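S.K.: Based on what follows, work out the 3D shape:
(chains A, B, C, D, E and F)
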Number of protein chains: 4
Amino acid sequence: MPSQKSIPAATVAVSPKRQRGRDRVDAILRAAATLFVEQGYHAVTMTEVAARSSTAIGSLYRFFPTKEALAGALLDGYSAHLTEALDAIVTRAATLSSGEIAAALIGLVRSLRHERSAVLPLVDVQKDSVALRQALRDGMRDRLATIVARGSLARSERSEPQSIVVLHLLKMAWALQHADPAMQSSLEQEVQALLALYLEKAGAERAASCRSGPPVKQVR
Amino acid sequence: MPSQKSIPAATVAVSPKRQRGRDRVDAILRAAATLFVEQGYHAVTMTEVAARSSTAIGSLYRFFPTKEALAGALLDGYSAHLTEALDAIVTRAATLSSGEIAAALIGLVRSLRHERSAVLPLVDVQKDSVALRQALRDGMRDRLATIVARGSLARSERSEPQSIVVLHLLKMAWALQHADPAMQSSLEQEVQALLALYLEKAGAERAASCRSGPPVKQVR
Amino acid sequence: MPSQKSIPAATVAVSPKRQRGRDRVDAILRAAATLFVEQGYHAVTMTEVAARSSTAIGSLYRFFPTKEALAGALLDGYSAHLTEALDAIVTRAATLSSGEIAAALIGLVRSLRHERSAVLPLVDVQKDSVALRQALRDGMRDRLATIVARGSLARSERSEPQSIVVLHLLKMAWALQHADPAMQSSLEQEVQALLALYLEKAGAERAASCRSGPPVKQVR
Amino acid sequence: MPSQKSIPAATVAVSPKRQRGRDRVDAILRAAATLFVEQGYHAVTMTEVAARSSTAIGSLYRFFPTKEALAGALLDGYSAHLTEALDAIVTRAATLSSGEIAAALIGLVRSLRHERSAVLPLVDVQKDSVALRQALRDGMRDRLATIVARGSLARSERSEPQSIVVLHLLKMAWALQHADPAMQSSLEQEVQALLALYLEKAGAERAASCRSGPPVKQVR
DNA sequence: AATGAATGAGCGTTCATTCAT
DNA sequence: TATGAATGAACGCTCATTCAT
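M.R.: You can find the predicted model right below:
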């Protein structure tokens, strides 16, 4: 499993120790997510977030010292979800066929689609958005590389380009949310098939190159 | 696809009548593009744009009566470039091989890459961003359909899904700007090859279906 | 006749909940009234009002979400004063002689003279100034009609024109503030005498018409 | 005839010597009057006035160096009309009955009603609005005093209060434009009758006091 | 700790006025 | 002289953030 390096987009001013505080933070994050989706980051005011989550503005600022921090927390949440889901696939990668992996990845795309489109624009408002974006991408690519390698941490020289291709195929799948709803699911299936095909091919290449290289756990 | 800014908002928006004015407008647009890329639409102030282009704020507002209009003008420029470049390919489509078309399209992607990433986010701040996005997409898809059909305006029932696939392949190529610069050009070539392959297949299908009337599902 | 400011415009307009807030609102209204008299509505800036009342501009906008709302609050205050004073006369109307009523009305004119001249021009800047002006006029005319009828709510068909005449006599009295101060009080007395005379005559007509049913044109 | 002291509210920057210039100035004043009535002084922009009168903004400023000067010119025009009309009555005053004078004055009110309501608010935007208002009032009162005195320039000690009363009666007549249109003309007649009555009484008083004073031309 | 009144820098925009052509 | 492009001070208003209660 890849290094669990966290990507803190923001620090919560006070981590609530009691249950009440945790509920409050959740309510705030839910309200913020809804509002950001509905109106966009800049159109939403902190006062609005406070009102929607039935929180006093002062309390809101106790938990999230700036508006940017609030956006950052949302990003952290998304990043955690994505990482967790990806890691779940990573741990099972050795036991899955290419088709099953493709299905799992496309399923993940589908399940995080809404959260992603809601939260990803918030990257742009972060202090060091470029680095954050990089970190997000790297985190995904690392895990995808392991998945492509069927759970082996050993990287061949083909790992990186392969994981990039997979990443782009997933992006394509993500982009399908903008497609004509009538065609969406069939297009999704087509992408999934393409992904399965690619993983199969990558697996075959890997098997060939490993016969004379380092030993690799090879599940079929 | 709108090519001229529509209705003046509050103050009359004039189009420059003398050379001086035209230079000024150019300077403003250049400054705005730079700043929008650097900081994002909302973080940029009109005062900043005016200063960067050595324009009095009042003069800025003479040409662009709102901040949104300024963004709109940038979008119009991009839209015009894209349309023009695409049309150039359209007119030559009948005489080009699949590989040449793929090369032309990928070249277009490369040439408009920076402008696109600078300008496309501005869609979201436009009054009717949804319709505008739609219009932009439709404009591209229409032209891609003609290109896929090798310049023939006649559309088969396969035209639409095919043009969508091509569109997504181009989006993939566009997305490569975020890739590791070291690999970028090789990745680009790979996408180009994929595109060529797809166009070839689409062309073959088209030829077959034209010979025997209704299109036949023709796999492999 | 509106007595509470209606709908908050953009920012929420709060009514002050603590004593401090109430003091602040008073200070703002006093400052605004002074400035509006001195310079006229349009020449006064919100920043000026804030400075004169030692209020931060943001706090000013907390209580009065637009400049128009500030003017409206002043108008509401005047309207409330006027209504209250008029109603006080209405309740005593049955027990007063024509001369006493005239004295009361002229006294009212004198006491509200300054407030009126300060505040009445603000009608013109209100959203629906026509309707507001109408409402103000109607409110006065209604009460004057009752006063003319000596407290009886029953209106004869002469009530309306009579109350209009009384209204205009009061306007005349109001206009005396522009007269040479040396003559002002004697002119005031003359108007008061005229008013008393008119009320007496109206009362007589009324008495006559009530005795014999339908009103009779009764010229002496 | 009273002293012809002019009340210059504004100075025209350049008095146009040629016919063309005079036409231009007229067009500007007409446009300004229309716009000021339609939207109020502050809502009208100089650019708008220029456009409506088909004048270049630069030329507009050649004739009227400030916006205030433009308003002042309109006021001067009204003041001239009023003075002229009043003087016409003054010259005929000796030959008219009280009823005829009343009719003439009420007619004047009616004829200048619209111009007056359009132009009078512009007093408030003048640099020294208080003095201007005073001057306007004095000009009228002077002439009314002469009219009340039936054309004699000799003033009795009653002239001033009498002319003030007449002035206020005219103001009342002016105010009738806001009255219910259905009643307007009958109310107007009533005011006219009242005015005639008052003039008659004033004439009688005057005649009595003059029997032992300076000789006065006494008509009717 | 919790509250929400208070703060003020800074925004997009306007328009009377100037001045180069 | 006539034109209209250029100017910039100043406006009404917002809202992230602070701090007294």
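S.K.: So the one helix or strand in chain A whose mean pLDDT sits lowest, near chain B or not?
M.R.: Across the helices and strands of chain A, mean confidence by mean pLDDT, DSSP states H and E is lowest for helix A:181-210: a mean of 84. Yes: judged by Cβ under 8 Å from any Cβ of the partner chain, helix A:181-210 comes into contact with chain B at A:Met183, A:Leu187. In short, each C-beta sits where N, CA and C put it, glycine included.
S.K.: Which strands or helices does that helix pack on?
M.R.: Using 3 or more Cβ pairs under 8 Å, 6 or more residues apart in numbering or on different chains; DSSP states H and E, the elements in contact with helix A:181-210 are helix A:98-119, helix A:129-148, helix A:159-175, helix B:159-175.
S.K.: For that helix, buried residues please.
M.R.: A:187-188, A:190-192, A:195-196, A:198-199, A:202-203, A:206, A:210 (16 or more other Cβ atoms under 10 Å in any protein chain shown).
S.K.: wait, A:Ile164 sits on B:Ala182?
M.R.: No: with contact defined as Cβ atoms under 8 Å, A:Ile164 does not reach B:Ala182; the gap is 11.5 Å.
S.K.: returning to what we had before: now mean neighbour count and mean pLDDT too, for the helices and strands packed on helix A:181-210, in a markdown table please.
M.R.: Output for the helices and strands packed on helix A:181-210, formatted as a markdown table (neighbours: other Cβ atoms under 10 Å in any protein chain shown; pLDDT from 0 to 100):
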| stretch | mean neighbour count | mean pLDDT |
| --- | --- | --- |
| helix A:98-119 | 17 | 94 |
| helix A:129-148 | 19 | 92 |
| helix A:159-175 | 20 | 87 |
| helix B:159-175 | 19 | 87 |
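S.K.: Out of those helices, which gets nearest to chain C?
M.R.: helix A:98-119 (26.0 Å; Cβ to the nearest Cβ).
S.K.: How far away from the center of its chain is the closest one?
M.R.: On the basis of Cα atoms, centre = their mean, to the nearest Å, helix A:98-119 sits 9 Å off its chain's mean C-alpha point.
S.K.: Now A:Leu194: closest residue in space that isn't a chain neighbour?
M.R.: A:Leu169 (6.5 Å; Cβ to Cβ, 6 or more residues apart in numbering or on different chains).
S.K.: For the one you found, give me its contacts.
M.R.: Contacts for A:Leu169 (Cβ atoms under 8 Å, 6 or more residues apart in numbering or on different chains) come out as A:Val191, A:Leu194, A:Leu195, A:Tyr198.
S.K.: same thing but 10 Å
M.R.: Contact analysis of A:Leu169 by Cβ atoms under 10 Å, 6 or more residues apart in numbering or on different chains lists A:Ala102, A:Leu105, A:Ile106, A:Val109, A:Leu144, A:Val191, A:Gln192, A:Leu194, A:Leu195, A:Tyr198, A:Leu199, B:Met172.
S.K.: ok, now A:Leu195?
M.R.: Contact analysis of A:Leu195 by Cβ under 10 Å, 6+ apart lists A:98-99, A:101-103, A:105-106, A:109, A:165-166, A:169-170, A:172-173.
S.K.: Nearest to D:Thr83, out of the residues you listed: which one, please.
M.R.: Taking Cβ to Cβ as the measure, D:Thr83 sits nearest to A:Met172 out of the contacts of A:Leu195, at 83.6 Å.
S.K.: Quick check, that closest one in contact with B:His168.
M.R.: Yes: contact criterion Cβ atoms under 10 Å: A:Met172 and B:His168 qualify, at 5.5 Å.
S.K.: Mind listing the shared neighbours of these two?
M.R.: Common neighbours of A:Met172 and B:His168 (Cβ under 10 Å, 6+ apart) are A:Leu187, A:Val191.
S.K.: how about the residues of chain A near DNA strand F?
M.R.: Listed as neighbours of DNA strand F in chain A under the rule Cβ under 7 Å from any atom of the strand: A:Ala43, A:Val44, A:Thr45, A:Met46, A:Thr47, A:Ile57, A:Gly58, A:Tyr61, A:Pro65, A:Thr66, A:Lys67, A:Glu68.
S.K.: Apply 6 Å and report the result again.
M.R.: A:Thr45, A:Met46, A:Thr47, A:Ile57, A:Gly58, A:Tyr61, A:Thr66, A:Lys67 (Cβ under 6 Å from any atom of the strand).
S.K.: For ChimeraX, write a command that selects the buried ones of those residues.
M.R.: What follows is the ChimeraX syntax selecting those of the residues of chain A next to DNA strand F that are buried according to 16+ other Cβ under 10 Å:
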select /A:61,67
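S.K.: what's the closest of the residues of chain A next to DNA strand F to DNA strand E?
M.R.: Nearest to DNA strand E among the residues of chain A next to DNA strand F, counting by Cβ to the nearest atom of the strand, is A:Gly58 at 2.3 Å.
S.K.: what's the distance between that closest one and chain C?
M.R.: Applying Cβ to the nearest Cβ, to the nearest Å, the value for A:Gly58 to chain C is 16 Å.
S.K.: Which residues are in contact with that residue?
M.R.: When contacts are counted by Cβ under 10 Å, 6+ apart, A:Gly58 touches A:Ala50.
S.K.: Show me how the record splits chain A into domains.
M.R.: Split into domains by automatic domain parsing, chain A comes to A:11-65, A:74-210.
S.K.: any chance of those in TSV, plus distance to D:Thr91?
M.R.: TSV is the format used below for the domains of chain A (distance: least, Cβ to Cβ, whole Å):
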stretch	distance to D:Thr91
domain A:11-65	70
domain A:74-210	79
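S.K.: for the ones you listed, which one sits closest to C:Ala31?
M.R.: The nearest among the domains of chain A, by Cβ to Cβ, is domain A:11-65 at 26.4 Å.
S.K.: what residues does chain A put near chain B?
M.R.: Neighbours of chain B within chain A, by Cβ under 10 Å from any Cβ of the partner chain: A:40-43, A:121, A:124-125, A:129, A:133-134, A:137, A:141, A:160-161, A:164-165, A:167-169, A:171-173, A:175-176, A:178-180, A:183, A:186-187, A:190-191.
S.K.: redo that, cut-off 8 Å
M.R.: So chain A meets chain B at A:40, A:42, A:124-125, A:133, A:137, A:160-161, A:164-165, A:168, A:171-172, A:175, A:179, A:183, A:187 (Cβ under 8 Å from any Cβ).
S.K.: Out of the contacts of A:Leu169, flag the one nearest to B:Ser53.
M.R.: Distances from B:Ser53 to these, taken as Cβ to Cβ, are shortest for B:Met172 (35.2 Å).
S.K.: Pull the contacting residues for the closest one.
M.R.: By Cβ under 8 Å, 6+ apart, B:Met172 lies in contact with A:His168, A:Lys171, A:Met172, B:Val191.
S.K.: Let me see the contact set for the first one.
M.R.: When you say that, I think you mean A:His168. Residues near A:His168 by Cβ under 8 Å, 6+ apart: B:Met172, B:Ala175, B:Leu176.
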